[in-house]
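S.K.: Okay, here's the prediction I keep looking at, along with the sequence it came from:
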Amino acid sequence: MIPVMRPWFGPEEQTAVGEVIASGWVAQGPKVAEFERAFAASVQAGHGVAASSCTTALHLALVLAGVGPGDEVIVPSLSFIATANVVRYAGATPVFADIDPATGNLTAKTIDAVRTPRTRAVIVVHQAGVPADVEDIRAAHGGLALVEDAACAAGSTYRDRPVGAGAGLAAWSFHPRKLLTTGEGGMLTTDDPEQAARARRLREHGMSVSAADRHASGSSAPEEYTEVGFNYRMTDLQAAVGLVQLGRLPGMVARRRALAARYHELLAGIPGLAMVGDPEHGTTNYQSFWIALPGDFPMSRNELLVHLAGRGVSARRGIMAAHLEPAYAGVPAGELPHTEWLTRNSLILPLFHQMTEAEQDQVAEALHAAARA
Ligand SMILES: *Cc1c(COP(=O)(O)O)cnc(C)c1O
């Protein structure tokens, strides 16, 4: 079977992990600090605070934004469910907004439609790596805290800079379903040094001095716990992998974009088929290559998934919609027509660094056969 995604590792990652083990310090320490500096620099952010996942980094971002009980936070329903869940972790209420069907992203207008006096923040997702128009949203909704869910977007660009440059608070994922992976892992980036310092304390139980700093300084002064924090730390084992992977990121993005351009050519002949691509204001890293079927396609999306599996192609349903899941039953959701159309009619095709053109031809031929059925 041709998989949807496969991480790209070499012997360098194994060596890097081996060195951390040999050092005797495997928890959060100098490698995490090095990875934070390197990743923040790569997205032109002032500070990086590593976390155990993007989900925990998003939770930290909401705490830093002052979100709590009684607040509403606008999120796209069309996202991995963690985007909505973190609002619940903060004790606030997620409010689902619709998306632009061309990009899969929130817009200033779709936020407008659900904004109320209780709206405190908005989580803008760069869905599947496609940059959202955050400047336009910030201009229209200046009074709201804006958190960027950049889980999928390492290596994407927005207005000629990396996604995340100039972001107040942005959260990133290093899960293997994304480009750069540390197994599990995440990062919060911000330009605000005080927010970064507080995030460092919060991710480590609220400790005034990190365990690694105390060890390095040889100090025996007891630490203080200034507020209730969390254990959202990354390990040095993960960060060592992340540093190697960060060096691979430009190559991964270039390869994915070349394969995506090839998909656009190979599938252009299928009438009415919509495909993910670059928006006007930036470039995508093609974290996911999604297509959406026209109404008159000869089979349903789910039938097409079975058809592809029968031809050795592992595809996945398109991006989920949280408001349709049992966990969000009973949560009021307004009209979300574009979300519902895209989640029902889209699917994600295989795209990974090591994919060959022959494998890609096999995917395209299976799709053309379905279109002729
Ligand atoms: C993957 C993903 C997350 C969660 O990332 P983890 O690192 O697995 O916690 C959050 N939001 C979006 C949009 C994602 O795609």
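M.R.: Structure received. Since we're looking at a predicted model, the values are computed, not measured.

S.K.: Show me which residues of the stretch 101-250 of the chain sit near the ligand.
M.R.: Those residues of the stretch 101-250 of the chain that sit near the ligand, judged by Cβ under 6 Å from any ligand atom, are 125, 149, 151-152, 173, 175, 186. C-beta here means a position set from N, CA and C on the backbone, and glycine is covered the same way.

S.K.: List just the nearest of these to Ala45.
M.R.: Gly186 (14.0 Å; Cβ to Cβ).

S.K.: okay, now Ala369: neighbour count?
M.R.: Ala369 has 12 neighbouring residues, counting by other Cβ atoms under 10 Å.

S.K.: Provide the secondary structure category for the residue lying farthest from the centre of the chain.
M.R.: The outermost residue of the chain, judged against the average C-alpha position, is Ser220 (39.7 Å), by Cα atoms, centre = their mean. Under the three-state scheme (DSSP: H, G, I helix; E, B strand; the rest coil), Ser220 adopts coil.

S.K.: Check the gap between it and Gly206 for me.
M.R.: 20 Å (Cβ to Cβ, to the nearest Å).

S.K.: next one: Ala165
M.R.: Taken as Cβ to Cβ, the span from Ala165 to Gly206 is 30 Å.

S.K.: got it, and Leu188?
M.R.: The value you get for Leu188 to Gly206, if Cβ to Cβ is used, is 16 Å.

S.K.: all helices of the protein, in order?
M.R.: Taking DSSP state H as the criterion, the chain carries its helices at 11-23, 30-42, 54-64, 82-89, 108-112, 134-140, 193-202, 211-217, 236-267, 301-310, 337-345, 357-372.

S.K.: Who are the contact partners of the residue in the stretch 201-350 of the chain that the ligand sits nearest to?
M.R.: At 7.6 Å from the ligand, Gln287 is the closest residue in the stretch 201-350 of the chain, using Cβ to the nearest ligand atom. By Cβ atoms under 8 Å, 6 or more residues apart in numbering, the residues touching Gln287 are 128-129, 152-153, 156, 178-179, 256.

S.K.: count of neighbours near the closest residue to Ala92 other than its chain neighbours?
M.R.: Of all residues not flanking Ala92 in the chain, Asp71 sits nearest, at 4.2 Å (Cβ to Cβ, 6 or more residues apart in numbering). Asp71 has 19 neighbouring residues, counting by other Cβ under 10 Å.

S.K.: for the one 5 residues further on, same thing?
M.R.: Pro76 sits with 30 neighbouring residues when counted by other Cβ under 10 Å.

S.K.: Could you check the pLDDT of it?
M.R.: At Pro76, the model reports a pLDDT of 98.

S.K.: my guess is it contacts Thr339, does it?
M.R.: Yes - judged on Cβ atoms under 8 Å, Pro76 makes contact with Thr339 at a distance of 7.2 Å.

S.K.: Please enumerate the shared neighbours of these two.
M.R.: In contact with both Pro76 and Thr339: 96, 98-99, using Cβ under 8 Å, 6+ apart.

S.K.: so Glu224 makes contact with Arg201?
M.R.: No - at 9.7 Å, Glu224 and Arg201 do not qualify as touching, with contact defined as Cβ under 8 Å.

S.K.: Could you check which of these two has the larger neighbour count?
M.R.: Arg201 (20 against 10).

S.K.: returning to what we had before: list the residues that contact the residue nearest to Ala92.
M.R.: Here Asp71 is in contact with 90, 92-93, 118-121 (criterion: Cβ under 8 Å, 6+ apart).

S.K.: Of the residues you listed, select the buried ones using a PyMOL command.
M.R.: Here is the PyMOL command that picks out the buried ones among the contacts of Asp71, judged by 16 or more other Cβ atoms under 10 Å:
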select buried, resi 90+92+93+119+120+121
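
S.K.: hang on, the earlier thing: which neighbours do Glu224 and Arg201 share?
M.R.: 207-208.

S.K.: what's the neighbour count on Ser173?
M.R.: Neighbour tally, Ser173, other Cβ under 10 Å: 30.

S.K.: Over to Glu12?
M.R.: Glu12, neighbours per other Cβ under 10 Å, totals 15.

S.K.: how about the nearest residue to Ala151, chain neighbours excluded?
M.R.: Nearest to Ala151 is Ser173, by Cβ to Cβ, 6+ apart, at 3.7 Å.

S.K.: Quick one: residues contacting the one you found.
M.R.: Ser173 neighbours (Cβ under 8 Å, 6+ apart): 53-54, 151-152, 185-186.

S.K.: and if you look at Ile99?
M.R.: Counting by Cβ under 8 Å, 6+ apart, the residues that Ile99 touches are 76, 78, 105-107, 110, 127, 338-339, 342.

S.K.: quick one: it from Glu148, how far?
M.R.: 15 Å.

S.K.: cool, Gly29 as well?
M.R.: 28 Å.

S.K.: Next: Thr56.
M.R.: Thr56 sits 16 Å away from Glu148, going by Cβ to Cβ.

S.K.: Next: Pro193.
M.R.: Counting by Cβ to Cβ - Pro193 and Glu148 are separated by 18 Å.

S.K.: cool, Ala97 as well?
M.R.: Taken as Cβ to Cβ, the span from Ala97 to Glu148 is 15 Å.

S.K.: May I have the distance across stretch 125-144, first residue to last?
M.R.: In stretch 125-144, first residue to last residue: 15 Å (Cα to Cα, to the nearest Å).

S.K.: Can you give me the buried ones in it?
M.R.: So for stretch 125-144, counting by 16+ other Cβ under 10 Å, buried means 125-134, 137-138, 141, 144.
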